[in-house]
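Q: have a look; sequence and predicted model below, questions after that.
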Amino acid sequence: MMKKASKNNNNIIDTQIRGAIHSFSQTEIESLRRKLLQWYDVNKRDLPWRNIKGEDTNHKAYAVWVSEIMCQQTQVATVIDYYNKWMKKWPTLESLSKASLEEVREVWAGLGYYSRGQRLFEGACKVQNELDGQIPGTAEQLRKELPGVGRYTAGAIASISFSEATGVVDGNVIRVLSRLRMIGADSTTQNVMTAIWDLANTIVDPDRPGDFNQSMMELGATVCHPKSPQCPSCPVQSHCRAIQQMDQLTRDLATKLTKSNGQSLPEEKGVVDIECAADGCSLCMDGPLDANLGVMNYPRKPKKKPLKQQVIAVCIVERETNDEEEYLIVQRPDTGLLAGMWEFPSIEIAEETSRQKSRNKIDSYLKDTLNMTLKTVKDRKHIIQFVHMFSHIHQTYELETMKVEEEDEEEEEEEEKEKEEEEDVSEKSQKSEDVPHHQWVSRSAFEGQAVSAGMRKAFDAYNGKTIKKKSGKKSKKSEIEDGNAPKQRKLDTYFTKKEEKTSRCK
């Protein structure tokens, strides 16, 4: 049975309304707003997107937009350098709209979830060309008009930049509200998400909506951690029903132990049972609590699906021209995983594929897909096997390197003439269209390309840097020959040339 809480005890929940365990009273809302904003004003992190000066709300909205897209699925500490680099290159929405997609990919490289950068670019183009350069000022219009802007990002931009009193829900907010209101059902289900959004929209401060939303996210990021939460430091611990539930479990256990010894505990005035009075509540935890987890019982998530397993054969093809090493890179398709990014020649292989068969598949890829015929392979060796993880894919890279040199230039030209005479012009045109865009790049040029994190790992391994192998242990530095080879001649004639891709706003 639920008991009436003492008015003098700030740590006790008002339980006069049965079934309201998952909601806030108006008194609690006012207290929550006050405490969180006071805490935020003193403890907020100094982040570059929080220091936008001036009264230009459109510029502030652009900065918030960039930061929110970058922070999706990425830790803030990682984002800061990327954000600063981005804003230095494209300080305004107009300047971003004049960039090329290739430039955007280059700046985004290494941040992951690469489609985010493309959608941000497309959104900037739309605002500049169709909305007179003005970012929509409400969450509803932001979601309607801008590609890649969902409910959370729209709420963040609208509340922080335009002071719209609308809530936000990200992983941090889900965790905070699940613990504050003891929401133990699967946090990924529709009914739980609806309840969380309703709570976020109810408690947002109407006078400082942007700061309040950021305080909720800040609390989840710096205090209410997924693991090892700092409950004693929490400014709203008095409103946390997860804490109160754990206190009740402790009291119940103490009572049982005392009774088993034939003793009794004095009655605690103002103490209430922390339980939901609604039958079959869709927000309550389905199953017993784990007392050892404490507040970390919340939120509950379903078991993760096993990651898709892939083995990728990767070959770093190297040539030397004008006393400088160059590397062959290929651009991925414009859609799908890592769309438009550059990579070394790569192909998926079966898990138990032998190294010789793996080499054969790479050779077939170079010949049949890239129209490349290597006349002389000077050196070829397997370097390392290592793992690269995506959110939904576990990739094992089998990395090898191949050094090539060209044949005599006159002989090469003669062979090309013979090939041209044998091939029909129309067939050649069709063949060229099917060949992925590829190019030779110097070491310095490679660093500036839009190359995925996995391929940068491969290049690090090639250069002898220590990376994690499949076993998780550190690898020894790979010995790669310096290549005291004679000067290489051009090999470009082995490749079908295509115009550079420079997708820009139209």
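A: Nice, thanks for sending it over.

Q: list the helices and strands the helix or strand hosting Thr153 packs on?
A: Per DSSP states H and E, Thr153 falls inside helix 151-162. Here helix 151-162 touches helix 57-71, helix 139-145, helix 209-222, going by 3 or more Cβ pairs under 8 Å, 6 or more residues apart in numbering; DSSP states H and E. The C-beta positions use only the backbone N, C-alpha and C, and glycine is treated the same way.

Q: return the set of buried residues in the second one.
A: If you call a residue buried by 16 or more other Cβ atoms under 10 Å, then helix 139-145 has these buried ones: Ala139, Leu142, Arg143, Glu145.

Q: got the buried residues for the host helix or strand of Thr255?
A: Thr255 belongs to helix 241-260 when elements are defined using DSSP H and E. Neighbour-count burial for helix 241-260, counted by 16+ other Cβ under 10 Å, picks out Arg241, Ala242, Ile243, Gln244, Gln245, Met246, Gln248.

Q: surely the fifth one meets Met285?
A: No: with contacts counted by Cβ atoms under 8 Å, Gln245 stays clear of Met285, the gap being 9.8 Å.

Q: in the buried residues of helix 241-260, find the pair that's most separated.
A: By the measure Cβ to Cβ, Ala242 and Gln248 form the most distant pair in the buried residues of helix 241-260, at 10.7 Å.

Q: TSV for the helices and strands packed on helix 151-162, including mean pLDDT and distance to Ile316?
A: Converted to TSV, the helices and strands packed on helix 151-162 look like this (pLDDT from 0 to 100; distance: least, Cβ to Cβ, whole Å):
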stretch	mean pLDDT	distance to Ile316
helix 57-71	97	29
helix 139-145	97	43
helix 209-222	98	38
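
Q: of all those helices, which lies closest to Met402?
A: Of the helices and strands packed on helix 151-162, nearest to Met402 by Cβ to Cβ is helix 57-71, at 36.2 Å.

Q: that closest one packs against which elements?
A: helix 76-89, helix 93-97, helix 115-130, helix 151-162.

Q: mean neighbour count, these: which tops it?
A: Highest mean neighbour count among the helices and strands packed on helix 57-71 (mean count of other Cβ atoms under 10 Å): helix 151-162, with a mean of 25.

Q: following that helix, which helix or strand shows up next?
A: Per DSSP H and E, the first helix or strand lying C-terminal to helix 151-162 is helix 171-180.

Q: which elements pack onto the helix or strand following that following helix?
A: Next in sequence after helix 171-180, counting helices and strands by DSSP H and E, comes helix 190-203. Contacts defined by 3+ Cβ pairs under 8 Å, 6+ apart place helix 190-203 against helix 26-43, helix 171-180, helix 209-222.

Q: Asn24 against Leu177, yeah?
A: Wrong residue type there; residue 24 is Phe, not Asn. No: the criterion here is Cβ under 8 Å, and Phe24 misses it with Leu177 at 9.6 Å.

Q: joint contacts of the two?
A: Residues touching both Phe24 and Leu177 by Cβ atoms under 8 Å, 6 or more residues apart in numbering: Leu199.

Q: between these two, which one's more packed in?
A: The residue with more neighbours, out of Phe24 and Leu177, is Leu177; 27 against 19, by other Cβ atoms under 10 Å.

Q: against Ser95, how distant is the more buried one?
A: Going from Leu177 to Ser95 by Cβ to Cβ, to the nearest Å gives 38 Å.

Q: again with Asn213
A: As judged by Cβ to Cβ, Asn213 and Ser95 stand 28 Å apart.

Q: so for Ala350, what's the pLDDT?
A: The confidence metric pLDDT takes the value 93 at Ala350.

Q: cool, the one 5 residues further on as well?
A: Arg355 is assigned 91 on the pLDDT scale.

Q: got the contact list for it?
A: Residues in contact with Arg355 (Cβ under 8 Å, 6+ apart) are His382, Glu398, Glu400.

Q: so which of these is the most crowded?
A: In terms of neighbours by other Cβ under 10 Å, those top out with Glu398 at 22 neighbours.

Q: quick check: that residue touching His382?
A: Yes: in this structure Glu398 lies within contact range of His382 using Cβ under 8 Å: 7.2 Å.

Q: what about the nearest residue to Gln331 once chain neighbours are set aside, how many residues nearby?
A: In this structure, Gln331 finds its nearest non-sequential neighbour in His437, 4.2 Å apart by Cβ to Cβ, 6 or more residues apart in numbering. By the measure other Cβ under 10 Å, the count of residues near His437 is 17.

Q: from Ala99, how far out is His437?
A: For His437, the distance to Ala99 equals 19 Å [Cβ to Cβ].

Q: ok, now Leu307?
A: For Leu307, the distance to Ala99 - Cβ to Cβ - is 34 Å.

Q: for the one residue sitting closest to the centre of the chain, list the residues it contacts.
A: The residue lying closest to the centre of the chain (Cα atoms, centre = their mean) is Gln73, at 3.0 Å. Listed by Cβ under 8 Å, 6+ apart, the contact set of Gln73 reads Gly112, Tyr113, Ser391.

Q: could those residues go into CSV alongside secondary structure?
A: Formatted as CSV, these follow (DSSP: H, G, I helix; E, B strand; the rest coil):
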residue, secondary structure
Gly112, coil
Tyr113, coil
Ser391, coil
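
Q: neighbour-wise, which of these leads?
A: Neighbour counts for the contacts of Gln73 (other Cβ under 10 Å) peak at Gly112, which has 17 neighbours.
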